[in-house]
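Engineer: Task: produce atomic coordinates for the following.
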Amino acid sequence: MPLVSVAMTTYNGERYLREQLDSIFRQTVQDFELVIRDDCSSDGTWQIVQDYAGRFPCIRAVRNERNVGFRQNFADALSLCTGDFVAFADQDDVWTERHLELLLGSIGDKDLACADAELVDETLHPLQLRMHEVCHLSRPFADERSLRYFLFCGHNFVQGAAMLVRRSFLLQHIPIPELAEFHDYWFALHAALGNGIAYSFEPVLLYRQHGGNVTEMNTTSLLRRTVTAIRLRGEHREHKRRQIALLELLLAEHQGQVGEAALQDCLGFFRAWEAKRSPSYVYFFLKNYKLTHASESFAGIVPEFVYLLFF
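Structural biologist: Numbers count the residues shown, from 1 in each chain. Below is the predicted model:
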C-alpha cells in the first residue's frame, strides 16, 4: 500500500496536463500512487493519461462510460485511493518538487495539512501574488480558536490543490453533501473541529490562472475590495444563507465537542445578519474581528463592515 494517494480528475485538459504530470513525477517523495479518473474527455486528455500510465506503473487510470460531472467524478476518484494519506491534484497546475515532502513533514498529528500557492498566468509567468494574500492571511494563527473563528465565518484559506489529508479522516467525511460547495472547505471545517490543520506559508504549487479570473483574484486594494463587496452583494447574501445551513449541519454533528462554542458564535452572527438585527451582528463583528479576520488590520476589513451596515 502506498504512503500517499494522489487523486486527480480530468476533463478536456490536454493543454496543460503533461506539465502537471511531469511535476508530480519529479517529487522528492516517490512512495505514491496516482489515481486518475477521466470524465469522458473529448480532446486528447485520455490518450495522454494512457501514455503516462504505460510508462509509470503507479498510475491507476479509469475512464467513465458517460460524463458524470465534477462532483461525482471526484467522489469516484477518492473511492479508488488506498494510501495512508490523500493529496488532491488539479489537471492544470504545476507542483513544486517538495510538494508532498513539505505536506507530509508538516501534518504531524493533524487531520489536514495545507500550504501556500503562487499564482501564475497561463504561461506560468508569476503574477506576484500568493494564495495567502488572496485569503487575507498575512501571519500564522495565534491558536486553534482564532483558526476556527476565521474558518467558520466563511474565510477558506485551505486550497484543495495544496492540501493533504489522512485517508482515515477523509473516509469519515464523505460523501460530501450538496450543501458544501467546495470539497476543500468541507474537509477544512471538519479538521478544525477535529485534530486540527497544519498550515505552511511555503508554496507547494504554481496555481495557474485562466483569462478573466486573474484580475478578480487580486482584491488587495482597499478601494477595489469595497467596490467589489458592493457589486457582489447579491452573491454575498446567498453565500451567508448557505453558510448558516452549513454551520447548522456541523453543529448537529459536533455538539459537545471542541469548537462548539466558536460554531455557536459564528452561527449567531450569521443569523443576526439574516434577521437584520444590526446591533447584534455589528457588535459581534467589532468584538471578534481579530478572530474572524485573523490577520488583517481593521482598515483591511472596511469593505465587509460597509457591506454589513448597508446591505
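Engineer: For stretch 130-150, what is the spacing between the initial and final residues?
Structural biologist: Using Cα to Cα, to the nearest Å, the gap from the first to the last residue of stretch 130-150 comes to 18 Å.
Engineer: do the same with stretch 128-144
Structural biologist: For stretch 128-144, the end-to-end distance is 29 Å (Cα to Cα).
Engineer: Check which residues of that stretch are buried.
Structural biologist: If you call a residue buried by 16 or more other Cβ atoms under 10 Å, then stretch 128-144 has these buried ones: 129-137, 141. C-beta: built from backbone N, CA, C; applies to glycine.
Engineer: Which secondary structure element of the protein has the lowest mean pLDDT?
Structural biologist: Here the helix or strand of the chain ranked lowest by mean pLDDT, DSSP states H and E is helix 213-217, holding a mean of 42.
Engineer: Give the residue spans of the stretch 151-300 of the chain that score low on pLDDT.
Structural biologist: For the stretch 151-300 of the chain, the stretches with pLDDT under 70 are 211-236, 276-300.
Engineer: Next, the contact list for the closest residue to Ala53 other than its chain neighbours, please.
Structural biologist: Nearest-residue entry for Ala53: Ile59, 4.3 Å, with adjacent residues in sequence omitted and distances by Cβ to Cβ, 6 or more residues apart in numbering. In this structure, Ile59 makes contact with 33-34, 36, 49, 52-53, judged by Cβ atoms under 8 Å, 6 or more residues apart in numbering.
Engineer: repeat that with 6 Å
Structural biologist: 34, 52-53 (Cβ atoms under 6 Å, 6 or more residues apart in numbering).
Engineer: And it, how close does it get to Arg148?
Structural biologist: Taking Cβ to Cβ, to the nearest Å as the measure, Ile59 falls 38 Å from Arg148.
Engineer: before we move on, what about Gln50?
Structural biologist: Between Gln50 and Arg148 the distance, using Cβ to Cβ, works out to 44 Å.
Engineer: more neighbours, those two?
Structural biologist: Residue environment comparison for Gln50 versus Arg148 gives the larger neighbour count to Arg148, 26 against 15, counting by other Cβ atoms under 10 Å.
Engineer: then the lengthiest helix in the chain to CSV, C-alphas only?
Structural biologist: Across the chain, the helix with the greatest residue count (assigned by DSSP state H) is helix 233-253. These are the backbone C-alpha positions of helix 233-253, laid out as CSV (Å, rounded to 0.1, in the frame of the first residue of the first chain):
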residue,chain,number,x,y,z
ARG,A,233,-23.8,41.9,-2.6
GLY,A,234,-26.4,39.5,-4.1
GLU,A,235,-23.8,36.7,-4.1
HIS,A,236,-22.7,37.6,-0.6
ARG,A,237,-26.3,37.3,0.6
GLU,A,238,-26.6,33.8,-0.9
HIS,A,239,-23.2,32.9,0.5
LYS,A,240,-24.2,33.8,4.0
ARG,A,241,-27.5,31.9,3.8
ARG,A,242,-25.6,28.8,2.6
GLN,A,243,-23.1,29.4,5.5
ILE,A,244,-26.0,29.3,8.0
ALA,A,245,-27.2,25.9,6.7
LEU,A,246,-23.6,24.6,6.6
LEU,A,247,-22.9,25.6,10.2
GLU,A,248,-26.2,24.2,11.4
LEU,A,249,-25.2,20.9,9.8
LEU,A,250,-21.8,20.9,11.5
LEU,A,251,-23.3,21.9,14.9
ALA,A,252,-25.7,18.9,14.7
GLU,A,253,-22.7,16.6,14.1
